[in-house]
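Colleague: Provided below for reference: sequence and predicted model.
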Amino acid sequence: MIDKPLEEIFSKAFSSAEYEISELSLSNYLRARVDGECAYRGIPIFPSRSFRHGAFYVRIDSPIRSPRDLIGRKVGVREYSMTAALAARGGLRDQFGVEADQIRWIVGDVNERERSDIQLPKLYKNVSLELAPGGALLDPLLLAGEIDAILAYKPIKSTLGEKPLSRRLFADPEAVEKDYYAKTGVFPIMHLVGVRIVDAATDASLVSDIYNAFAHAQHIANGDLSYEQALKIGLPWLRQELERTRAVMGQDYWPNGFSANRKVLETMIDWSFKDGLISRRIAPEELFFSEMLST
């Protein structure tokens, strides 16, 4: 078991296929599969899912109040192709009619220097995409008025503290996300599990064994959410929160398997195509080992 920052895991998985089994960014996996450059094939286990409406930040005094106010603006993002950005743009498009090519995307590190060399992805549509000037960090650019918003998968520094200098675009992202789910039934996938194709070829049971192991682990974790004798997670009203979530999303709100996730996969493939990240709408079946299609 290798426990490293996800950015490092994804980089090594996609660049050198270092791991036999790896968590993978769904968005960058789609790109690699369509381009025929991926050493992994997926199994329909999704360890990370998230709504991303709350990922947009603007200055505290910004006139930007609604998603459509972003049209024609400069929006900073750590990585245009990351899954969090894909899902955030999907929400803009599906709920508010804002297309990726209506925004100027500025790519750079957000709060602190993380990378010495930032590369822009190859795009298949005319989307405005450029590097932050001089390698500048995005949060200071926002505060200086050089960009208008930031799309970030974790809170930016200027929004923290007793006197924040920035705010989320949506004052109540949870309400917007629940409305989105009620209308679409889509709970975006962030990551999937991939198995190196060469390893699966030498072990006939590897893929099904990995799928079954993860599914069993999730069954145990789901049981822990309902265990009230001694809370397994540090939330005092965990049971009530679980009940509220299931009232909105149903009992099995985080399903495994291919069939239960076909719709969300088709939706995210469509987002990727419309954002110019992939050259064709790949069929969901192409993402997984054939024995997983009956799950």
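Modeller: Nice, I can see it. Quantities reported herein were computed from a predicted structural model and do not represent experimental measurements. Numbers count the residues shown, from 1 in each chain.

Colleague: in which helix or strand would I find the residue lying farthest from the centre of the chain?
Modeller: Going by CA atoms, centre = their mean, the residue of the chain most distant from its centre is residue 229, 33.8 Å out. If you go by DSSP states H and E, residue 229 is not part of any helix or strand.

Colleague: look up how far residue 239 lies from it.
Modeller: Distance, residue 229 to residue 239, by CB to CB, to the nearest Å: 12 Å. Where C-beta positions appear, they are placed from N, C-alpha and C, glycine not excepted.

Colleague: ditto for residue 45
Modeller: On the measure of CB to CB, residue 45 and residue 239 end up 26 Å apart.

Colleague: ok, the two, which is more surrounded?
Modeller: residue 45 (23 against 14; other CB atoms under 10 Å).

Colleague: identify the residues contacting the more buried one.
Modeller: 192-193, 210-211, 214-215, 218, 256 (CB atoms under 8 Å, 6 or more residues apart in numbering).

Colleague: what do you get for residue 17?
Modeller: 39-40, 196.

Colleague: let's see that with 6 Å instead.
Modeller: Shown in contact with residue 17 (CB atoms under 6 Å, 6 or more residues apart in numbering): 39, 196.

Colleague: and it, how far is that from residue 201?
Modeller: 14 Å.

Colleague: coming back round to it: now list the buried members of the contacts of residue 45.
Modeller: Among those, the ones that count as buried by 16 or more other CB atoms under 10 Å are 192-193, 210-211, 214, 218, 256.

Colleague: same list (those) but as JSON lines, adding distance to residue 86.
Modeller: Below are the buried ones among the contacts of residue 45 laid out as JSON lines (distance: CB to CB, whole Å):
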{"residue": "192", "distance to residue 86": "13"}
{"residue": "193", "distance to residue 86": "18"}
{"residue": "210", "distance to residue 86": "25"}
{"residue": "211", "distance to residue 86": "24"}
{"residue": "214", "distance to residue 86": "23"}
{"residue": "218", "distance to residue 86": "24"}
{"residue": "256", "distance to residue 86": "21"}
